[in-house]
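Sequence unavailable; structure follows:
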């Protein structure tokens, strides 16, 4: 399970990365990607996915996960569903 502590993204107490503004970075300060409106992009600007209704979809429109499941798997913080979805797609589960 991923946990949000402030701007840090952690799992099992280990820092996986962090977010600032609309950007998500790994623990070594490498930009993993960013989010804008309902879309999520990797570090090179390639669209990775988006939010549609109550689901996260990949760039091809295939459902990745429901928002309900995402909230169970990514806990803590006061961040938007889009931020959680970006963390899910860019960092993993």
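All right, it came through fine. Values in this document were obtained by computation on a predicted structure and should not be read as measured data.

Which phi and psi values does the residue lying closest to residue 19 once chain neighbours are set aside adopt?
Nearest residue to residue 19, sequence neighbours excluded (Cβ to Cβ, 6 or more residues apart in numbering): residue 7, at 5.6 Å. The way it works is simple: take the backbone N, C-alpha and C, and place the C-beta from them, glycine included. Residue 7 adopts backbone torsions of phi -100, psi 10, taken as degrees, to the nearest 10.

number of nearby residues for residue 7?
Using other Cβ atoms under 10 Å, residue 7 is surrounded by 14 other residues.

so what's it up against?
Neighbouring residues of residue 7 by Cβ atoms under 8 Å, 6 or more residues apart in numbering: 18, 19, 20.

let's go with 10 Å and repeat that
Residue 7 sits next to 17, 18, 19, 20, 21, 24, 25, 77, 79 when contact means Cβ atoms under 10 Å, 6 or more residues apart in numbering.

Residue 38 now?
49, 50, 51, 52, 57, 81, 82, 85.

Can you flag the buried ones in these?
Taking 16 or more other Cβ atoms under 10 Å as the criterion, what is buried in those is 49, 50, 51, 57, 82, 85.

What does the pLDDT read for the first one?
What it means is residue 49. The score at residue 49 is 97. That number is its pLDDT.

Helix or strand for residue 18, just tell me which one.
Using DSSP states H and E, residue 18 sits in strand 14-20.
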